[in-house]
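>>> quick one, structure for this:
(6 chains)
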Protein chains: 4
Amino acid sequence: MKKELKKDQILGAAGIVFSQKGFHQAKMDEIAVLAKVAKGTLYYNFSSKSELFAATVTQGLNRIMAQIKAELESDLPFMAHLKGLISSIVRLYISHSEVSRIYANEMSSGIDDKVLVEIKGVRKEFIRFIENILKTGEEKGYLRPLPHYLSALAAVGIIDTLCAAHLEDPDKGSVEQIIETVYTILSTGLVANPSGKSHIK
Amino acid sequence: MKKELKKDQILGAAGIVFSQKGFHQAKMDEIAVLAKVAKGTLYYNFSSKSELFAATVTQGLNRIMAQIKAELESDLPFMAHLKGLISSIVRLYISHSEVSRIYANEMSSGIDDKVLVEIKGVRKEFIRFIENILKTGEEKGYLRPLPHYLSALAAVGIIDTLCAAHLEDPDKGSVEQIIETVYTILSTGLVANPSGKSHIK
Amino acid sequence: MKKELKKDQILGAAGIVFSQKGFHQAKMDEIAVLAKVAKGTLYYNFSSKSELFAATVTQGLNRIMAQIKAELESDLPFMAHLKGLISSIVRLYISHSEVSRIYANEMSSGIDDKVLVEIKGVRKEFIRFIENILKTGEEKGYLRPLPHYLSALAAVGIIDTLCAAHLEDPDKGSVEQIIETVYTILSTGLVANPSGKSHIK
Amino acid sequence: MKKELKKDQILGAAGIVFSQKGFHQAKMDEIAVLAKVAKGTLYYNFSSKSELFAATVTQGLNRIMAQIKAELESDLPFMAHLKGLISSIVRLYISHSEVSRIYANEMSSGIDDKVLVEIKGVRKEFIRFIENILKTGEEKGYLRPLPHYLSALAAVGIIDTLCAAHLEDPDKGSVEQIIETVYTILSTGLVANPSGKSHIK
DNA sequence: TATGAATGAGATTTCATTCAT
DNA sequence: CATGAATGAAATCTCATTCAT
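The predicted structure follows:
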């Protein structure tokens, strides 16, 4: 019981340090100090820096995903549902900036392969989740037929990028603007009168 | 003259190593070996690892941007122009995977602040470039009014994400599929009959 | 009473781990796990790793020595006695490989001085025991006059080395071959016709 | 050229420290200080502590073996040859106590397997060398038929043990006494009148 | 201009030992 | 008596950077 407490304490500190410094620049010393435990305690609870990182990201992403799913328990019409989804993701992404910053910046190499695979697994699960929603939308006739996986990826990519920009400099666009932009692009694209697109093409 | 040759030799090696390993995992030793120069020569030509990194990325991105601009010297109608732009970016992104991979993965902290600013500058320039194209499109009535900067960011985000996915596992989607997906989403969005969107909303 | 049980449990585990890994490579954690007690219990019963090591070796050697002495309660003629002694030592050495391996490999530094002295004391006692047998042999006219201590040391050295070789790779020589070799060298040496040695010399 | 100098400097220091403290107790810091180089230089020249250890032992043993062989370039009669061999080994063993102490004490586990194998290889080579001399002696009729490998092992075992004892406490026996004891045991054994051994048995 | 041996600050990790429960 | 979570000193190893040649 007490052990779990310490683990959470550590994960909290790790989230902050990892998101501020990135994996390689984050020092175990700093995490230990912030968590107010001895360095050895870090290793007593997590067998390595990589594993601590994995746990931090995984726990964070899982919490976010759980919250997203929870916020979607609604019976709204599909498009409202979609907008709600986008809104949820963006808001959570921004409010959990520790995790999302890590997620956006540190998916590169240099981390234990096993750990990287684990983290990417969580991301994949998230993309599948979006993919399924898009598939439902298509089946119900709301969305045009598209390669779901790529579309889901694209949706996540837009959100990633806009939120990262917002976190770096909030003046670039408010949260509402971001949600609106994401929703508009995903639903209707940038073109003015899509009905005329056949002419253009 | 000869010095420039050596610099290019080094930048070539650095591009490969940085893209494969990321900034922190890339070792000066390895770059020196690959460039077939002594380690001291690295420091003779670039004052630090960070500066070498900056030069690598900057040079790479500038080359890509120059190529994109070159490929756009056309008088096609706007939408064809847009599609050509997307196609160019995606193809160059994928063929210059050394640079784009770095760009996507290593924008995190842990790199000299000055260097980071320099790199981000190049990215910003790129986004401005896209932004201007979108602005032109809007002025000519092809695109609906939107916050240009966010739209440009979103466009880059989609491309980033899809190309990164392709580079990691080409089976996820062919280059053509990626171009098509990007174009479709950006132009018309995912919704089946956008005309009916008013009802939904 | 129960405490003694636990101590034996621990000493058993320690013997196995110390002999397999050596003093420095043996971890208290591993001993605790193997002994099926908590790590704290190790320290409750033995004040330090060194002391546990000392106890392990001492107990083991004392048991072996007791057995050797027991097997020698005989009235055989001296040379048979000697051969029996060699046979006993070799067999016990090999069957108690946990202890003998420690004894052969870990007499080096890096262990608490006090502990080292204790262990060396047990060894010395053993050598004195051999020495006394040799002295008796000399007094009874069976053995030529020799520095007893060195001879005893030499005898132990031969046995140590051959048994260690056998434990490492039993194909090098069977137990019987080892006993025979030790006995032959100690009794008559390697020279073919010792009577003629004066000529050679 | 200069690099070799530094390597020798390091190997010298390593020999001293390893022999005094043993592998695990020897600290890279101490070796660096004694060698008057920075710690990094140790790693620049030897990729790990284990490798430095291996190099130290291997170089030392090879030197000793070379010297032994050199001292044996003689045309003495076999038994004198044998005595000369013993004398050489014992004297070198004692004068190169750094190496021999390591060799006697640190063949245990806890060292990189690859390194251990390397060191054991040198030892095996040494034993083969002795074995060949014994074989020659047998072929020429000087020595009785015996399992060569075991005999060689036994010879090395006696020398190891007596020299180790001398190094630990020189009062136990002078170098001459040791040589005499080794020679006597190996040549004629301990028994007073070997001719009568049949009766005893 | 080019080299590469040398450096040393600093990072991760280990593990015997302690002590509150 | 027994436990095991917590500790922190200490060790190995890395690698960007320097500088004499």
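
>>> quick check: the residue of chain A nearest DNA strand F.
residue A:40 (1.9 Å; C-beta to the nearest atom of the strand). Yep, even glycine has a C-beta here, placed from its N, CA and C like the rest.

>>> what about that residue, how many neighbours?
By other C-beta atoms under 10 Å in any protein chain shown, 9 other residues sit near residue A:40.

>>> helices or strands next to the strand or helix carrying it in the packing?
Here residue A:40, judged by DSSP states H and E, is contained in helix A:39-45. Helices and strands touching helix A:39-45, by 3 or more C-beta pairs under 8 Å, 6 or more residues apart in numbering or on different chains; DSSP states H and E, are helix A:2-25, helix A:28-35.

>>> immediately after it, which helix or strand?
helix A:49-71.

>>> which other residues reach that following helix?
Applying C-beta atoms under 8 Å, 6 or more residues apart in numbering or on different chains, the contact partners of helix A:49-71 are A:10-11, A:14-15, A:18, A:23, A:26, A:28, A:31, A:42, A:46, A:84-85, A:88-89, A:92-93, A:96, A:98-100, A:102-103, A:106, A:111-112, A:114-115, A:118-119, A:122-123, A:125-126, A:129.

>>> need the contact list for the closest residue to residue A:32 other than its chain neighbours.
Nearest non-adjacent residue to residue A:32, counting by C-beta to C-beta, 6 or more residues apart in numbering or on different chains: residue A:39, 4.4 Å away. Applying C-beta under 8 Å, 6+ apart to residue A:39 gives the contacts A:28-29, A:32.

>>> hmm, residue A:161 and residue A:100 touching each other?
No: Residue A:100 is beyond contact range of residue A:161, at 11.6 Å (criterion: C-beta atoms under 8 Å).

>>> which bits of chain A sit near DNA strand F?
Contact residues (C-beta under 7 Å from any atom of the strand) of chain A with DNA strand F: A:2-3, A:5-6, A:37-41, A:43-45.

>>> DNA strand E contacts on chain A?
Residues of chain A lying near DNA strand E (C-beta under 7 Å from any atom of the strand): A:26-29, A:39-40, A:43-44, A:47-50.

>>> helices or strands up against the helix or strand harbouring residue A:162?
Residue A:162 belongs to helix A:148-168 when assigned by DSSP H and E. Here helix A:148-168 touches helix A:78-95, helix A:97-105, helix A:113-139, helix A:175-188, helix B:148-168, helix B:175-188, going by 3+ C-beta pairs under 8 Å, 6+ apart.

>>> specify the angle between the shortest one and helix A:78-95 in degrees.
Just to be clear, that refers to helix A:97-105. 100 degrees (axes from the mean of the first three to the mean of the last three C-alpha atoms, to 10 degrees).

>>> give me the packing partners of helix A:97-105, helices and strands only.
When contacts are defined as 3+ C-beta pairs under 8 Å, 6+ apart, helix A:97-105 packs onto helix A:2-25, helix A:49-71, helix A:148-168.

>>> now that helix: average pLDDT?
Averaging pLDDT along helix A:97-105 gives 75.

>>> now the last one
Here the mean pLDDT over helix B:175-188 is 92, rounded to a whole number.

>>> and the gap between the residue in chain A that chain C sits nearest to and chain B?
Nearest residue of chain A to chain C, counting by C-beta to the nearest C-beta: residue A:44, 11.4 Å away. Per C-beta to the nearest C-beta, to the nearest Å, residue A:44 is found 26 Å from chain B.

>>> okay, now that residue: neighbour count?
Residue A:44 has 14 neighbouring residues, counting by other C-beta under 10 Å.

>>> show me the contacts for residue A:10.
A:31, A:35, A:37, A:41-42, A:45-46, A:52.

>>> give me the number of residues near the closest residue to residue A:140 other than its chain neighbours?
Distance criterion C-beta to C-beta, 6+ apart; nearest residue to residue A:140, sequence neighbours excluded, is residue A:78 at 6.1 Å. Other residues lying near residue A:78 total 16 when counted by other C-beta under 10 Å.

>>> I figured residue A:78 hits residue A:135, correct?
No: using C-beta under 8 Å as the test, residue A:78 is too far from residue A:135 to be in contact (12.0 Å).

>>> tilt between the helix holding residue A:162 and helix A:2-25?
Using the same axes, to 10 degrees: helix A:148-168 against helix A:2-25 is 90 degrees.

>>> just to revisit the earlier point, need the buried ones from the contacts of residue A:39 selected in PyMOL.
To isolate the buried ones among the contacts of residue A:39 in PyMOL, judged by 16 or more other C-beta atoms under 10 Å in any protein chain shown, type:
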select buried, chain A and resi 28+32
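
>>> could you dump the contacts of residue A:39 into a markdown table and include pLDDT?
Compiled in a markdown table, those are given as follows (pLDDT from 0 to 100):
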| residue | pLDDT |
| --- | --- |
| A:28 | 96 |
| A:29 | 96 |
| A:32 | 97 |
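
>>> sorry, back to before: state the pLDDT value of the residue of chain A closest to chain C.
On the pLDDT scale, residue A:44 gets 96.

>>> give the contact list for the spatially most central residue of chain A.
By C-alpha atoms, centre = their mean, the mean C-alpha position of chain A lies nearest to residue A:100, the distance being 5.1 Å. Residue A:100 makes contacts with A:64, A:93-94, A:160, A:163-164, A:167, as judged by C-beta under 8 Å, 6+ apart.

>>> show me which of these is closest to residue B:180.
Taking C-beta to C-beta as the measure, residue B:180 lies nearest residue A:160 of the contacts of residue A:100, at 21.2 Å.

>>> which of the helices and strands packed on helix A:39-45 has the lowest mean pLDDT?
Among the helices and strands packed on helix A:39-45, helix A:2-25 scores lowest, with a mean of 88.

>>> between it and helix A:113-139, how big is the angle?
Using the same axes, to 10 degrees: helix A:2-25 against helix A:113-139 is 90 degrees.

>>> and the gap between residue A:123 and residue A:130?
11 Å (C-beta to C-beta, to the nearest Å).

>>> what do you get for residue A:32?
Applying C-beta to C-beta to residue A:32 and residue A:130 gives a distance of 37 Å.

>>> then residue A:158?
11 Å.

>>> which of the two has more neighbours?
Neighbours were counted for residue A:158 and for residue A:130 using other C-beta under 10 Å; residue A:158 has more, 29 against 21.

>>> buried sites along stretch A:13-24?
Neighbour-count burial for stretch A:13-24, counted by 16+ other C-beta under 10 Å, picks out A:13-19, A:21-24.

>>> could you check how far the residue of chain A closest to chain C is from chain D?
24 Å.

>>> quick revisit: chain B next: which of the buried residues of stretch A:13-24 are close?
With C-beta under 8 Å from any C-beta of the partner chain as the criterion, the buried residues of stretch A:13-24 include A:21-22, A:24 near chain B.

>>> closest to residue A:175 out of these?
Lowest distance from residue A:175 to those (C-beta to C-beta) belongs to residue A:22, with 24.4 Å.

>>> measure the closest one to DNA strand E for me?
11 Å (C-beta to the nearest atom of the strand, to the nearest Å).

>>> ok, now which ones touch residue A:99?
A:15, A:19, A:56-57, A:60-61, A:64.
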